[in-house]
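Asks: Show me the folded form of this:
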Amino acid sequence: MQPEHRRTPVPPAAPMADPPAKMMSMMSLRMAYQRGGFDGLDQQLQNSLDEFGPRSSDVPVHKLFEM
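Replies: Just a heads-up that it's a prediction; the model follows:
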């Protein structure tokens, strides 16, 4: 008979929000799409907006279109 191993209970991890870059990474978006199609992708994007909100850029609009 093998001795019983006692396992100390591990406390549950505190829920943490993913950083914006991780939520919006290509891998994260791809996994969201694989889980739920366009609805899953839309939910991932909505979660990102709910968590971090829209942010304005420090770059002027005309600079975005310069080549």
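Asks: Count the residues that sit near Lys22.
Replies: Per other Cβ atoms under 10 Å, the neighbour tally for Lys22 reads 11. Heads up, the C-betas are built off the backbone N, CA and C, glycines and all.
Asks: correct me, but it touches Gln44?
Replies: No: with contacts counted by Cβ atoms under 8 Å, Lys22 stays clear of Gln44, the gap being 11.1 Å.
Asks: following the helix ranked longest in the chain, which helix or strand comes up?
Replies: In terms of residue count, the longest helix belonging to the chain (DSSP state H) is helix 26-52. Per DSSP states H and E, the first helix or strand lying C-terminal to helix 26-52 is helix 61-64.
Asks: How is Arg7 assigned, secondary-structure-wise?
Replies: In three-state terms, and counting by DSSP: H, G, I helix; E, B strand; the rest coil, Arg7 is coil.
Asks: before we move on, the earlier item: over the longest helix of the chain, what's the mean pLDDT, rounded is fine.
Replies: Across helix 26-52, the average pLDDT comes to 88.
Asks: tell me what it is packed against?
Replies: When contacts are defined as 3 or more Cβ pairs under 8 Å, 6 or more residues apart in numbering; DSSP states H and E, helix 26-52 packs onto helix 20-23.
Asks: Spit out the residues that contact Lys22 and Gln44 alike.
Replies: Jointly contacting Lys22 and Gln44 under the rule Cβ atoms under 8 Å, 6 or more residues apart in numbering are Ser28.
Asks: in the longest helix of the chain, what's buried?
Replies: Going by neighbour count (16 or more other Cβ atoms under 10 Å), the buried part of helix 26-52 is 29, 32, 41, 44, 48.
Asks: My guess is the last one contacts Ser25. True?
Replies: No: between Ser48 and Ser25 there is no contact under Cβ under 8 Å: 10.7 Å.
Asks: Name the nearest residue to Lys22, ignoring sequence neighbours.
Replies: With sequence-adjacent residues excluded and distances taken as Cβ to Cβ, 6 or more residues apart in numbering, Lys22 is closest to Ser28, at 6.1 Å.
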